[in-house]
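[1] attaching a predicted model along with its sequence, questions to come.
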Amino acid sequence: MSFLHRHPRLRLAALLSAPLLWLVVAYLGALAVLLVSAFWTVNGFTGEMVRTFSLANFRTILTEEVYRNVTLRSLGVAASVTAICVLLAVPMAFFMAKVARPRSRHWLVIAILTPLWASYLVKAYAWRVLLANGGPIESVFGATPGYGLFATILVLSYMWLPYMILPIYAGLERLPDSLLEASADLGARAGRTFRAVVLPILIPSVFAGSIFTFSLSLGDYIAVQIVGGKTQLIGNLVYANIGAANNLPFAAAIATVPVVIMVIYLVAVRRSGALEEL
Amino acid sequence: MTLSAPARWALRLFMAIGLTFIYVPLMLVLVNSFNGDRTFAWPPHDWTTRWWSAAWENDGARQALVTSVQAGLGATAIALVLGTMVAFAVQRFQFFGRDTVSLLIVLPIALPGIVTGIALDSAWRSVMGELGIGKGLFSVVVGHATFCVVTVYNNVLARLRRTGTNLEDASADLGASPLQTFRYVTFPLIRSALLAGGLLAFALSFDEIIVTTFTAGPGVTTLPIWIFNNLFRPNQAPVVNVVAAILIVLSVLPVWLAQRLAGPEAATRT
């Protein structure tokens, strides 16, 4: 112990070795295997994997219209879900952090957190019941949107909403009230204060939340199966190819699409300081 | 900023609508678990507790619960160790590649679950399979631990940033050995952060379905997998509904625990 104490470099190495070994071997290693197998193919007759380099999978994905449509649809769903979550989360988080009394603030955080612990499937399932023909929505409003693309966007927004509220709330809570008062004292109206004082705090938090809402929506295939009707997203294609079609290389190739999208997204939001807000 | 009274009321109203939106579906599941009708006719016309007793006697659900708890405990234990180590390394040392390390930890939750799942699946098939280690509970724990590290890391890192090193320096100046300093000073300081991080890690593992689908060996059924397998079976609907209701009721527990033991801010970090 005292030997380690005198040698900070060794201490650092001791601290980092196990976690890095885990993440590099178990995670990056697995991602590497995935990337490599995306260039393999499957023999159409025998179903055996052919382990030779080929761009066939990517050619199919890039040229066939189905894949472009599904990619665009998934991007559209992820973007809509993120937009809806931002629209709902900003006023809610603002109320929680700046309007509610400190005592009720505490309870509001609990109220937002608790559903985060209720299982994903339970929530998707609840919406399946709500949206069903003859279900509660129909009996109250006289009509139900039913299962489909709209239901998918609705349910995903519902599920990821807390992931957006919490970082925004955490960001706003760090913004001292005195800054808002100072802005008002200097003659700024609410709109100006919002633009000049609140927004710079809000943006990294919104991006931090959007990493979750965007990524979780982009890869989802289960909510889609539960309330999406015939809708297909990227996740469903990956799942179908790894399961029923038993074409792991092609599934791997499709899976690189969300990876590329997310890496671009992460690089883009990184400058805003979003990654420190996670 | 000074908000006008109408603006305050508008925000209050919005918050109320938001909370209603969040809670109505969950309440519906609770109400439905007492709905006497097998297909959840709405509004319910007779009430029963028989689905609750049916769920209680369901072996599949019980077995799945046990598996979920095992996987959650395994993943949480690994995440606690690894996450704490990285948090100390990142907070206490300046080193080349520090940003890369923190990015690497975030990556498993920043990339869609299906990517993590299929990556682990293909790695397991083509590498571990060759070594004779098949998929089972172990592969589920490995998969879950990978994305659970971040919750412990975030919580411990935030705590270390806030506490600084003054107390540890004082402890060393007073002649405590590094081990004593860790035991009597550092560990008590980070204990509640470990608890909050560990709880979140457990919850994340308990709820995870996509990565589990791809990493579970034959015969390994976690609770989410069990729910999903039974979701589309009309006969099982009431039992699935009760399991869902139980999970909603139980979800209050960890939040309450985290609040009691770690303070309100600890639980907000993912």
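    Okay, I see it. Numbering: from 1, shown residues only, chains lettered A, B, ... in the order given.
[2] in what helix or strand does residue A:143 lie?
    Using DSSP states H and E, residue A:143 maps to neither a helix nor a strand.
[3] ok, it - contacts?
    residue A:137 (Cβ atoms under 8 Å, 6 or more residues apart in numbering or on different chains). Backbone N, C-alpha and C define where each C-beta goes, glycine included.
[4] ditto for residue B:256
    The neighbours of residue B:256, taking Cβ under 8 Å, 6+ apart as the test, are residue A:110.
[5] helix, strand or coil for residue A:145?
    At residue A:145 the chain is in coil, as set by DSSP: H, G, I helix; E, B strand; the rest coil.
[6] so it makes contact with residue A:152?
    No - in this structure residue A:145 lies outside contact range of residue A:152 using Cβ atoms under 8 Å: 10.6 Å.
[7] ranges for the strands of chain A?
    According to DSSP state E, chain A carries its strands in the segments A:41-42, A:49-50.
[8] return the residues in contact with the residue in the stretch 101-250 of chain A that chain B sits nearest to.
    Distances between the stretch 101-250 of chain A and chain B by Cβ to the nearest Cβ are smallest at residue A:219, namely 2.1 Å. Contacts for residue A:219 were tallied using Cβ under 8 Å, 6+ apart; they are A:234, A:235, A:258, B:111, B:112, B:113, B:114, B:115, B:210.
[9] repeat that for 10 Å
    Listed by Cβ atoms under 10 Å, 6 or more residues apart in numbering or on different chains, the contact partners of residue A:219 are A:74, A:78, A:233-235, A:238, A:255, A:258-259, A:262, B:111-118, B:210.
[10] what about the closest residue to it other than its chain neighbours, distance to residue B:144?
    Distances taken as Cβ to Cβ, 6 or more residues apart in numbering or on different chains put residue B:112 closest to residue A:219, at 2.1 Å, once the chain neighbours are dropped. Taking Cβ to Cβ, to the nearest Å as the measure, residue B:112 falls 16 Å from residue B:144.
[11] now do residue B:222
    9 Å.
[12] in the longest helix anywhere in chain A, what's buried?
    Using DSSP state H, we find that the single longest helix of chain A is helix A:65-94. Judged by neighbour count using 16 or more other Cβ atoms under 10 Å in any protein chain shown, the buried positions of helix A:65-94 are A:67, A:70-71, A:73-75, A:77-82, A:84-86, A:88-94.
[13] likewise stretch A:223-239?
    Residues A:223-228, A:231-239 are the ones in stretch A:223-239 that count as buried (16+ other Cβ under 10 Å).
[14] any bit of it sitting next to chain B?
    Yes - Stretch A:223-239 is in contact with chain B by Cβ under 10 Å from any Cβ of the partner chain, via A:225, A:226, A:233, A:234, A:235, A:236, A:237, A:238, A:239.
[15] off-centre distance for that stretch?
    Mean C-alpha position of stretch A:223-239 versus that of the full chain (Cα atoms, centre = their mean, to the nearest Å) differs by 16 Å.
[16] what mean pLDDT does that stretch get?
    For stretch A:223-239, mean pLDDT rounds to 92.
[17] need the phi and psi values for whatever residue of the stretch 51-200 of chain B ends up closest to chain A.
    Per Cβ to the nearest Cβ, residue B:112 is where the stretch 51-200 of chain B lies closest to chain A, at 2.1 Å. The phi and psi values for residue B:112, taken as degrees, to the nearest 10, are phi -50, psi 140.
[18] burial measure for it, as a count.
    Here the count is done by other Cβ atoms under 10 Å in any protein chain shown, and residue B:112 has 28 residues near it.
[19] same check, this time on residue A:168
    Applying other Cβ under 10 Å, we find 27 residues neighbouring residue A:168.
[20] show me the contacts for the residue lying closest to it once chain neighbours are set aside.
    Sequence neighbours aside, residue A:93 is the residue nearest to residue A:168 in space, at 3.9 Å (criterion: Cβ to Cβ, 6+ apart). When contacts are counted by Cβ under 10 Å, 6+ apart, residue A:93 touches A:108, A:112, A:164-173, A:202, A:205-206, A:209, B:15, B:18.
[21] residue A:211 is in contact with the residue of the stretch 51-200 of chain B closest to chain A, correct?
    No - applying Cβ atoms under 10 Å, one finds residue B:112 not in contact with residue A:211, separated by 11.1 Å.
[22] list residues touching both of those two?
    With Cβ under 10 Å, 6+ apart, residue B:112 and residue A:211 have common neighbours residue A:262.
[23] that older thread, how about the buried residues of stretch A:223-239, which pair is most distant?
    A:227 and A:238 (19.1 Å; Cβ to Cβ).
[24] show only the entries of the buried residues of stretch A:223-239 found in helices.
    Those of these mapping onto helices are A:223, A:224, A:225, A:226, A:227, A:234, A:235, A:236, A:237, A:238, A:239, per DSSP H.
[25] give me the number of neighbouring residues for residue 242.
    Chain wasn't specified; assuming chain A. Using other Cβ under 10 Å, residue A:242 has 24 neighbouring residues.
[26] ah, no, chain B please
    For residue B:242, using other Cβ under 10 Å, the count is 25.
[27] which SSE is it in?
    Element membership of residue B:242, judged by DSSP H and E, is helix B:237-250.
[28] what helices and strands are in contact with that helix?
    Applying 3 or more Cβ pairs under 10 Å, 6 or more residues apart in numbering or on different chains; DSSP states H and E, one finds that helix B:237-250 contacts helix A:102-117, helix A:120-131, helix B:5-32, helix B:50-56, helix B:59-92, helix B:187-207, helix B:223-231.
[29] in contact with residue 251, which residues?
    As the question left the chain open, I've gone with chain A. Counted by Cβ under 10 Å, 6+ apart, residue A:251 has contacts A:34, A:37-38, A:57, A:237-243, A:245, B:114, B:118, B:121-122.
[30] if you could check chain B rather than the one you did, that'd help
    Residues in contact with residue B:251 (Cβ under 10 Å, 6+ apart) are A:113, A:114, A:115, A:116, A:117, A:118, A:119, A:122, B:26, B:203, B:206, B:207.
[31] lovely, talk soon.
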